[in-house]
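Participant: Compute the structure for the input listed below.
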Amino acid sequence: MGPADLRITDVWAEGDHHTWVTLNDGQTRLLNLEPLCTLRTHHSLRWPQIARQPVPSPDGQHVLWPSGAALDLASIRAAPHGALPVGLDALLPQAQRYRPMLPYLKGLEPAPHAYLDVRPLDRLLPLLGLRQSEWRSIAERYQPVPAELVHARLSDLALILTSLVPAALLPSLIRQPWNHALQRCPHQPHVHTAAGCIRFGRLDLIETPLLMLLRAPAEAPQSGCVVHLRCETVQRPSASDECEGRGGSEQRGW
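Facilitator: Modelled structure (predicted):
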């Protein structure tokens, strides 16, 4: 497929300042927008409520935001060295998009193929202490991401957690204070537990510390993809602009 035939097919927000972008060449990129926010033309992306609303342009050549900010396809393909500065936190096949923990699951020992199967909802939700009746409202929080990908990502999270703690403890664990969410969003109590993060569309707040825990400093990426998610350290907007606050005191919990 030549460059003239390339188009953006899917654009999904991730957390406060990341975006999943899929092209019709079968590749998906997880882009870090923080470098882009430093440009005067893209200052509006400093505010999560704007950064979380990306859409593809009708011609498939740009990612657009409600403020008028745009990111061109050439810069996306060349990230992190394109004309517009965006970080590249993951490059992976389209079939593995929206599943940032999947490469780490593949590295677990033992890891037979069946281990990576997506668990049925009637087994997965009770494992996480969630009710079947909650699933529809949970899936709606992640739109326009297809519900089946939200389901797969939840399954990956449950598998990672059960590799770290006994499955019987999970329903209680996810209702305990989750420190990363407390620090990132101190004034949003609805996401101060892992259960709250799941219900309100913030799986990234659970996964980021887990990925840092699982990733060895010298770990090589899985064959076929590049993944180097990290905790964000760049200065953000004022406390009232990010998750309605920044910082927060340390509390007991994950």
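Participant: could you point out which element follows the strand or helix carrying Q49?
Facilitator: Here Q49, judged by DSSP states H and E, is contained in helix 48-51. Counting by DSSP H and E, the next helix or strand C-terminal to helix 48-51 is strand 55-56.
Participant: So in that sheet, which strands flank that next one, and in what orientation?
Facilitator: Partners of strand 55-56 in the sheet, by DSSP bridges, are strand 62-64 (antiparallel).
Participant: can you give me the mean pLDDT across the helix or strand just after the strand it pairs with?
Facilitator: Later in the chain than strand 62-64, the nearest helix or strand by DSSP H and E is strand 70-72. In this model, strand 70-72 has a mean pLDDT of 98.
Participant: same deal with stretch 155-174?
Facilitator: 91.
Participant: hmm, back to that, and the helix holding Q49, what's buried?
Facilitator: Buried residues in helix 48-51, counted by 16 or more other CB atoms under 10 Å: 48, 50-51. Every residue, glycine included, has its C-beta placed from N, CA and C.
Participant: swap in stretch 32-42?
Facilitator: Within stretch 32-42, the residues that count as buried by 16+ other CB under 10 Å are 32-37, 42.
Participant: Need the distance between the two termini of it.
Facilitator: From the first residue to the last, stretch 32-42 extends over 13 Å; the measure is CA to CA, to the nearest Å.
Participant: Can you give the contact residues for that stretch?
Facilitator: Stretch 32-42 has contacts (CB atoms under 8 Å, 6 or more residues apart in numbering) with 17-19, 43, 45-46, 51, 69, 71, 80, 84-89, 232, 234.
Participant: Give the PyMOL command for selecting the buried subset of those residues.
Facilitator: Provided next is the PyMOL selection string for whichever of the contacts of stretch 32-42 are buried by 16+ other CB under 10 Å:
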select buried, resi 17+18+19+45+46+51+69+71+84+85+86+87+88+89
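Participant: The contacts of stretch 32-42 in helices, which ones?
Facilitator: For the contacts of stretch 32-42, the ones inside helices are A51, with DSSP state H as the criterion.
Participant: Mind listing what's buried along stretch 207-216?
Facilitator: Within stretch 207-216, the residues scored as buried using 16+ other CB under 10 Å are 207-211, 214-215.
Participant: Take the residues you listed and keep only those in helices.
Facilitator: Those of those mapping onto helices are 207-211, 214, per DSSP H.
Participant: farthest-separated two in these?
Facilitator: Farthest-apart pair in those is T208 and L214; separation 11.1 Å (CB to CB).
Participant: Can you tell me the number of residues neighbouring the nearest residue to L71 once chain neighbours are set aside?
Facilitator: Closest residue in space to L71, ignoring its immediate chain neighbours: V63 at 4.4 Å, by CB to CB, 6 or more residues apart in numbering. Per other CB atoms under 10 Å, the neighbour tally for V63 reads 23.
Participant: what's near enough to touch V63?
Facilitator: Going by CB under 8 Å, 6+ apart, V63 touches 8, 11, 19, 21, 54-57, 70-71, 76.
Participant: The host helix or strand of L92 pairs with which strands, and in what direction?
Facilitator: Following DSSP H and E, one finds L92 within strand 87-93. Applying DSSP bridges, strand 87-93 is found paired with strand 27-32 (antiparallel), strand 226-227 (antiparallel).
Participant: Low-confidence stretches in the stretch 1-150 of the chain?
Facilitator: Across the stretch 1-150 of the chain, the ranges flagged by pLDDT under 70 are 1-2, 109-116.
Participant: can you rerun that using 80?
Facilitator: 1-4, 106-116 (pLDDT under 80).
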